[in-house]
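>>> Model the following, please.
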Amino acid sequence: MDDDTARPDRHGADDALRGRWRDCLVPARRGADGPDPLPYADNLLARWAEPQRKYHTTAHLTAVLDRVDTLAGHAADPDAVRLAAWFHDAVYRPDRSENEERSAVLAERALPEAGVPAGTTAEVARLVRLTVTHDPADGDSNGEVLCDADLAILASSPKEYARYAAQVREEYGFVPDEAFREGRAAVLRQLLELPRLFRTPYGAAEWEPRARHNLLTELELLAR
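Below you'll find the model as predicted:
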């Protein structure tokens with residue numbers, strides 16, 4: 001598909017995401033005035049569209065936002081969780097290990113300028129940092145929703161999971177095969193060692209069994 005053919009769909013998706021950004025940013029201001037949301041959305045969308053991304057793209061952002069919507073009733077502050085979804089991979093370089101921290105710092109810089117109060121900004125940054133481990137404390141309902149939404153891809157169909165795994169491998173194309181297999185296997189084992197992958201009632205019921213099956217299957221394939 002050439003660029004001219006792809007552009008309308010991409011722009012339509014971006015327009016939808018701009019609307020979703022506005023719809024979570026404005027309520028998060030808690031009635032305070034703020035600047036036009038659109039430049040902030042465009043800056044974030046440009047980040048999510050960077051060429052080194054194969055899985056961590058606007059499609060992933062959309063999927064996480066969709067899952068947050070599914071789980072929103074469990075969150076103490078759904079708008080803060082949605083803002084955290086926008087920022088959680090806003091800085092993404094596969095060859096660096098501090099992406100979550102840099103993404104959190106970006107939120108701490110951008111959100112006050114965009115009119116978001118300090119308390120909400122701090123919560124968004126905390127949630128972004130939580131995606132390092134995907135291990136929220138008991139009772140951290142906002143963290144449970146964001147982490148479940150981010151990990152929901154693990155519970156996808158075998159075909160979609162295989163595509164996700166291939167996209168992750170493509171992002172790490174600079175890593176030799178053996179080193180990638182070792183590193184990826186370590187990540188999978190770390191996830192499987194969690195007492196629960198999903199902390200919300202919906203995630204535990206709907207996603208946990210299939211996600212563990214997919215992780216075990218990928219781990220077996222990596223060992224071949």
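
>>> C-alpha from now on. contacts and neighbour counts both.
Fine.

>>> Can you list the low-confidence ranges for the chain?
1-11 (pLDDT under 70).

>>> Next up, the contacts around the residue nearest the centre of the chain.
The centroid of the chain falls nearest to Asp150 when counting by C-alpha atoms, centre = their mean (4.6 Å). Residues in contact with Asp150, defined by C-alpha atoms under 8 Å, 6 or more residues apart in numbering, are Val64.

>>> what about it, helix or strand, and which?
Assigned by DSSP states H and E, Asp150 belongs to helix 141-151.

>>> What's the first helix or strand after that helix?
The helix or strand immediately downstream of helix 141-151 is helix 158-171, counting by DSSP H and E.

>>> residues of the helix or strand following that next one that come out buried?
Scanning forward in sequence from helix 158-171 by DSSP H and E, the next helix or strand is helix 177-192. If you call a residue buried by 16 or more other C-alpha atoms under 10 Å, then helix 177-192 has these buried ones: Phe180, Arg181, Arg184, Ala185, Leu188, Leu191, Leu192.

>>> which residue sits closest to the second one, ignoring its sequence neighbours?
Counting by C-alpha to C-alpha, 6 or more residues apart in numbering, Leu222 is the residue found nearest to Arg181 once chain neighbours are left out, at 5.9 Å.

>>> for the fifth one, same thing?
When the adjacent residues along the chain are set aside, Leu188 lies closest to Leu215, with 6.3 Å between them (C-alpha to C-alpha, 6+ apart).

>>> Does the one you found touch Val187 like I think?
No. Leu215 lies out of contact with Val187 (C-alpha atoms under 8 Å); the separation is 9.9 Å.

>>> So what does the residue nearest to Leu188 look like in phi/psi?
In terms of degrees, to the nearest 10, the main-chain angles of Leu215 are phi -60, psi -40.

>>> can you tell me how far the closest residue to Arg29 other than its chain neighbours sits from Leu194?
Using C-alpha to C-alpha, 6+ apart and skipping residues adjacent in sequence, the residue nearest Arg29 is Val116, 4.5 Å away. According to C-alpha to C-alpha, to the nearest Å, Val116 stands 34 Å off from Leu194.

>>> More neighbours: those two, which one.
Using other C-alpha atoms under 10 Å as the criterion, Val116 and Leu194 rank with Val116 on top: 24 against 12.

>>> So the more buried one, which state does it fall into?
Secondary structure, DSSP: H, G, I helix; E, B strand; the rest coil: Val116 is coil.

>>> again, but for the one 5 residues further on
Counting by three-state DSSP, the backbone at Thr121 sits in helix.

>>> quick one: contacts for it?
Residues counted as contacts of Thr121 (C-alpha under 8 Å, 6+ apart) are Ala80, Ala107, Glu108, Leu111, Pro112.
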